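*Asks:* quick one, what's the 3D model for this:
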Amino acid sequence: MHSRLVTYSTARGGRRYIAPAADRRTGLPTVEAELFGALSRSGAVAGDDAGYPPHYSRASRTDRGVSALGQVVSMRMRVWDGVIDEINCHLPDDIRICDIRRVPPSFNAQKLCDGRLYSYTLPTFAFAPMCETVSLVYRLTESRRQEVYQLFQNYVGVHSFHSFSPKGDPDSQKMTRRVMSIDVAEPYLAHGLEFTTIWVKGASFVLSQIRRMVGMVVAVCRGAAAPDALPDALGYQRLCTPTAPGLGLVLRQAQYDSLAAAPWNVHGALTWSAEATAVARRQETLLLRHIHRTEADSGVTFDFVDKLLHNRVGLPVTSSSSYRSPLGYALLQTGRAWVAPLEPHRDEDS
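*Replies:* The predicted structure is shown next:
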């Protein structure tokens, strides 16, 4: 049976995996290691150890622990009736291949992707005003939601996001990205907490960009950074930005709108079956249930917000300031908070 170039959509949780990419050196669980093993055992690719299959490409490489409901992968593999079920039989329950489609020989899932849609779900108390105590019973008012929405609009457009990625270089064109839209969804209740979801659409993103975008807005809302720090972080000087937890971040969709009009494409628009959509929705239900339960039981976002005052949020990376944040310094002066001495800045490699 001959192999052919195809693309497939996957839905998977990220909590059990240290990264999406395969890394044979560590031996630790990764999404791609699970996928390649299942592809090999099912006979979709040749060999006992698949490694990276020919022409392998993915729409997005997400951060460690981040989930995806709409990841798109292209590669050469064998295809037959029932191949999806056969591969899924060899995958853990938190990774599913949803659908497979034929694509032209020049298709590349990463290079031809027009846009990526992400969501970030978190408790609304993260956006409580500085004058209010962070509380599990906090409820986001409509006026406050609009204020948070306006803060996120600072990111829309073409900017250099060197302050929003580990070791980002302000002189590197690779840090320049286009954010198309950001929305803040209406809040809802789950597990006794109120949640909201931030929807972010962009052409592409640098490592940790969305998590730091969310983290910076939370820092401004909670007074750990001055309001001007957010637009300043999009300027030339590299500023310290906090990385929000990976728990709530989900790759929702990789979009290929321009593919249908490409003169070399004889397969038409890239669309997925109704069954694939149903599989993704089942995975979404499980994933959101995990996010809600983890926030309620472990307080992931609560811990993040609590530690913001002990970070140098909004300050230059090369700053020699003796204290972590403007609010932390003010609280120290009044004797209301203890702020640890400054340690050398370390970028998180996620």
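*Asks:* quick one, phi psi at Arg281?
*Replies:* phi -70, psi -40 (degrees, to the nearest 10).
*Asks:* what's the answer for the one 5 residues further on, then?
*Replies:* Summarising the backbone geometry of Leu286 under the convention degrees, to the nearest 10, its torsions are phi -70, psi -40.
*Asks:* do I have it right that it meets Gly13?
*Replies:* Yes: between Leu286 and Gly13 there is a contact at 7.2 Å, judged by CB atoms under 8 Å. (Each C-beta comes from the backbone N, C-alpha and C, glycine too.)
*Asks:* what's across from Thr176 in the sheet?
*Replies:* For Thr176, the beta-bridge partners are Ser160 (DSSP bridges).
*Asks:* any idea of the pLDDT on Thr26?
*Replies:* pLDDT for Thr26: 55.
*Asks:* compare neighbour counts for Leu286 and Gly13 and give me the winner.
*Replies:* Using other CB atoms under 10 Å, the more surrounded residue of Leu286 and Gly13 is Gly13, with 23 against 15.
*Asks:* the more buried one and Leu136, how far apart?
*Replies:* According to CB to CB, to the nearest Å, Gly13 stands 25 Å off from Leu136.
*Asks:* same thing with Phe161?
*Replies:* Look at Phe161 and Leu136: by CB to CB, they are 32 Å apart.
*Asks:* same check, this time on Ala203
*Replies:* Taking CB to CB as the measure, Ala203 falls 37 Å from Leu136.
*Asks:* repeat for Tyr155
*Replies:* From Tyr155 across to Leu136, the span is 28 Å (CB to CB).
*Asks:* between the two, who's got more neighbours?
*Replies:* Tyr155 (24 against 14).
*Asks:* run through the residues that contact the more buried one.
*Replies:* Applying CB atoms under 8 Å, 6 or more residues apart in numbering to Tyr155 gives the contacts Val179, Ile182, Met213, Leu234.
*Asks:* pick out the most distant pair among those residues.
*Replies:* Greatest spatial distance among the contacts of Tyr155 (CB to CB): Ile182 and Leu234, at 13.6 Å.
*Asks:* these two: who's more crowded?
*Replies:* Legend: neighbour count by other CB under 10 Å for Ile182 and Leu234, higher for Ile182 (23 against 17).
*Asks:* that one - that's part of a strand, no?
*Replies:* Yes: judged by DSSP: H, G, I helix; E, B strand; the rest coil, Ile182 forms part of a strand.
*Asks:* where along this structure do the helices fall?
*Replies:* Secondary structure of the chain by DSSP state H: the helices cover 31-42, 83-88, 142-152, 209-221, 229-232, 274-298, 300-307, 326-333.
*Asks:* so which of the ones you listed is nearest Pro166?
*Replies:* Closest among those, using CB to CB: helix 209-221, at 9.3 Å.
*Asks:* the closest one vs helix 142-152, what angle?
*Replies:* 130 degrees (axes from the mean of the first three to the mean of the last three CA atoms, to 10 degrees).
*Asks:* what are the contacting residues of helix 209-221?
*Replies:* With CB under 8 Å, 6+ apart as the test, helix 209-221 has contacts from 63, 118, 120, 122, 126-130, 148, 151-152, 155, 161, 163-165, 177, 198, 200, 225-227, 229-230, 233, 241-246, 249, 304-305, 308, 313-314, 325, 350.
*Asks:* report the buried residues of it.
*Replies:* By neighbour count on 16 or more other CB atoms under 10 Å, the buried set for helix 209-221 is 209-221.
*Asks:* what do you get for stretch 184-196?
*Replies:* Neighbour-count burial for stretch 184-196, counted by 16+ other CB under 10 Å, picks out Val184, Pro187, Ala190, Leu193, Glu194, Phe195, Thr196.
*Asks:* and the protein, what are its domains?
*Replies:* Per automatic domain parsing, the domain ranges recorded for the chain read 1-112, 120-250+294-333.
*Asks:* roughly how far does Gln173 sit from Pro105?
*Replies:* In terms of CB to CB, Gln173 sits 30 Å off from Pro105.
*Asks:* and if you look at Leu259?
*Replies:* 14 Å.
*Asks:* settle it for me: which of those two has more neighbours?
*Replies:* Set Leu259 next to Pro105 and count neighbours by other CB under 10 Å: Leu259 wins out with 20 against 9.
*Asks:* any weak-confidence spans in the stretch 201-350 of the chain?
*Replies:* 318-350 (pLDDT under 70).
*Asks:* what's across from the spatially most central residue of the chain in the sheet?
*Replies:* The chain has Leu249 as the residue nearest its centroid, 4.3 Å off, counting by CA atoms, centre = their mean. Beta-bridge partners for Leu249, by DSSP bridges, are Tyr120.
*Asks:* gap between it and Cys221?
*Replies:* Going from Leu249 to Cys221 by CB to CB gives 18 Å.
*Asks:* please apply the same query to Met213.
*Replies:* Counting by CB to CB, the gap from Met213 to Cys221 is 13 Å.
*Asks:* over to Ala68?
*Replies:* According to CB to CB, Ala68 and Cys221 sit 27 Å apart.
*Asks:* repeat that for Leu230.
*Replies:* Counting by CB to CB, the separation of Leu230 from Cys221 is 10 Å.
*Asks:* so what sits against both of those two?
*Replies:* With CB under 8 Å, 6+ apart, Leu230 and Cys221 have common neighbours Leu151.
*Asks:* could you pull out the strands for this structure?
*Replies:* Counting by DSSP state E, the chain has these strands, from start to end: 4-12, 57-58, 67-77, 95-102, 115-123, 157-160, 176-184, 188-190, 193-202, 249-255.
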